[in-house]
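[1] just a sequence and a predicted model for now, questions to come.
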Amino acid sequence: MTATRFSGRVAVITGGASGIGAALARRLHGEGAQVLIADLNEAQGQALAGELGERARFQATDVASQASVEALVATAVRTWGRLDMLFNNAGVGNLSRIEALAPADWQRVMAINLDGVFFGIRAALPVMQAQGGGAIVNTASASGLAADFGFAAYNAAKAAVINLTRTAALDNAARGIRVNAVCPGPVDTPILAGVSALRGDWEARVPMQRFARPEEIAAVMAFLASDEASYLTGAAIPVDGGLTAHTGQPNLLAALGQ
Ligand SMILES: NC(=O)c1ccc[n+]([C@@H]2O[C@H](COP(=O)([O-])OP(=O)(O)OC[C@H]3O[C@@H](n4cnc5c(N)ncnc54)[C@H](O)[C@@H]3O)[C@@H](O)[C@H]2O)c1
């Protein structure tokens, strides 16, 4: 890895104002990329773009809106002439029993976490096809590989993102466009702020016994978008401290004091 791994490359990051997306924006920018940060949160997105300075921009974006996502991709192309890396990263959670889950809440999670990824891929492909290549990285989740109690909409949306990633990868594999997903376990970001009281118990369930730092997810996302991953497409990579390697059965070694 060099400080210029991404110099001359243009990146769009949705959900780029906070958490994983902000860590990724800092990393890609630090490695030379032009970075377009997209988020609903204008204050935080503007502040981050301002902090990064030259080669960074912010665009207020709602990924649930096809027009908003198309305008985002158009801005990258208008500003910098190309789009090399698209990170469909914006997402929201929802905790509810299915029988109590309001259809409007289900639809909101689907609109942001799944439709938003579709709109992003759909808008980016013609640009990447015309320039002869590109990389798309979708932020799925460990919760797209298996299910959680009370997370119906999120689990369904993230699983769908993983299979959408595969279809997009197949359809574009011969065109120089790679499409992959990351599947983070718990990451220390504002999205988990509401459940911070559970942190100790939650960490104990992760084989590495801790949450990820956003930078640890961003590092894998940057790798997936880089030339180092040139033969990697259609993959859903767990970045979860071993969480999804576990069946959920008790730790017999610990129980037997070994
Ligand atoms: N933190 C975790 O434990 C964890 C684990 C697995 C997957 N993820 C996924 O990682 C991604 C990033 O989450 P994070 O943990 O950095 O959370 P975060 O809340 O820090 O960041 C998410 C960002 O998305 C933005 N956003 C929400 N709705 C949007 C919309 N409609 N349009 C544009 N932007 C919107 C928010 O304003 C926020 O800045 C999400 O897709 C999330 O589901 C997070």
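    Ah, there it is.
[2] where's Ala11, which helix or strand?
    Secondary structure assignment for Ala11, by DSSP states H and E: strand 10-14.
[3] keeping just the C-alphas, turn that strand into PDB.
    Coordinates of each C-alpha in strand 10-14 appear next as PDB, following Å, rounded to 0.1, in the frame of the first residue of the first chain:
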ATOM      1  CA  VAL A  10     -13.000   9.300  -8.100                       C
ATOM      2  CA  ALA A  11     -15.000   7.800  -5.200                       C
ATOM      3  CA  VAL A  12     -18.600   8.400  -4.200                       C
ATOM      4  CA  ILE A  13     -19.600   7.300  -0.600                       C
ATOM      5  CA  THR A  14     -23.200   7.300   0.500                       C
END
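[4] and that strand, average pLDDT?
    The average pLDDT within strand 10-14 is 99.
[5] and stretch 138-155, by the same measure?
    For stretch 138-155, mean pLDDT rounds to 98.
[6] do stretch 164-181 as well
    pLDDT averaged over stretch 164-181 gives 98.
[7] what residues sit buried inside that stretch?
    Leu164, Thr165, Arg166, Ala168, Ala169, Asn172, Ile177, Arg178, Val179, Asn180, Ala181 (16 or more other CB atoms under 10 Å). C-beta: built from backbone N, CA, C; applies to glycine.
[8] re the thing from before, whatever helix or strand comes next after the strand holding Ala11 packs against which elements?
    Where DSSP H and E defines the elements, the next helix or strand beyond strand 10-14 is helix 19-30. Secondary-structure packing of helix 19-30 (3 or more CB pairs under 8 Å, 6 or more residues apart in numbering; DSSP states H and E): strand 10-14, strand 34-39, helix 42-52, strand 85-88, helix 214-225.
[9] for helix 19-30, which residues meet the burial criterion?
    Across helix 19-30, burial judged by 16+ other CB under 10 Å covers Gly19, Ile20, Gly21, Ala22, Ala23, Leu24, Ala25, Arg26, Arg27, Leu28, His29.
[10] ok, and the closest non-adjacent residue to the residue of the stretch 51-200 of the chain found nearest the ligand?
    At 2.2 Å from the ligand, Gly91 is the closest residue in the stretch 51-200 of the chain, using CB to the nearest ligand atom. Spatially, and ignoring its direct neighbours in sequence, Gly91 is nearest to Asn113 (4.9 Å; CB to CB, 6 or more residues apart in numbering).
[11] quick one: the one you found from Gly144, how far?
    Here the criterion is CB to CB, to the nearest Å. By it, Asn113 lies 9 Å from Gly144.
[12] anything in contact with each of the two?
    Contact with both Asn113 and Gly144 is made by residues Ala157, Lys158, Val161, according to CB atoms under 8 Å, 6 or more residues apart in numbering.
[13] could these go into TSV alongside neighbour count?
    Output for those, formatted as TSV (neighbours: other CB atoms under 10 Å):
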residue	neighbour count
Ala157	27
Lys158	27
Val161	24
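[14] out of those, list just those in strands.
    Taking DSSP state E, every one of the shared contacts of Asn113 and Gly144 sits outside strands.
[15] before we move on, the earlier item: what's the closest of the helices and strands packed on helix 19-30 to the ligand?
    strand 34-39 (4.5 Å).
[16] got the angle between the closest one and helix 42-52?
    Per axes from the mean of the first three to the mean of the last three CA atoms, to 10 degrees, the angle that strand 34-39 makes with helix 42-52 is 160 degrees.
[17] now strand 34-39: average pLDDT?
    Mean pLDDT, strand 34-39: 98.
[18] could you export stretch 55-63 as PDB, CA atoms only?
    Output of stretch 55-63 as PDB, limited to C-alpha atoms (Å, rounded to 0.1, in the frame of the first residue of the first chain):
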ATOM      1  CA  ARG A  55     -10.400  16.800  -3.600                       C
ATOM      2  CA  ALA A  56     -13.400  16.400  -1.200                       C
ATOM      3  CA  ARG A  57     -17.000  17.500  -1.800                       C
ATOM      4  CA  PHE A  58     -20.300  17.000  -0.200                       C
ATOM      5  CA  GLN A  59     -23.700  16.500  -1.800                       C
ATOM      6  CA  ALA A  60     -26.900  16.300   0.200                       C
ATOM      7  CA  THR A  61     -28.400  13.000  -0.900                       C
ATOM      8  CA  ASP A  62     -31.300  10.800   0.000                       C
ATOM      9  CA  VAL A  63     -30.500   7.300  -1.200                       C
END
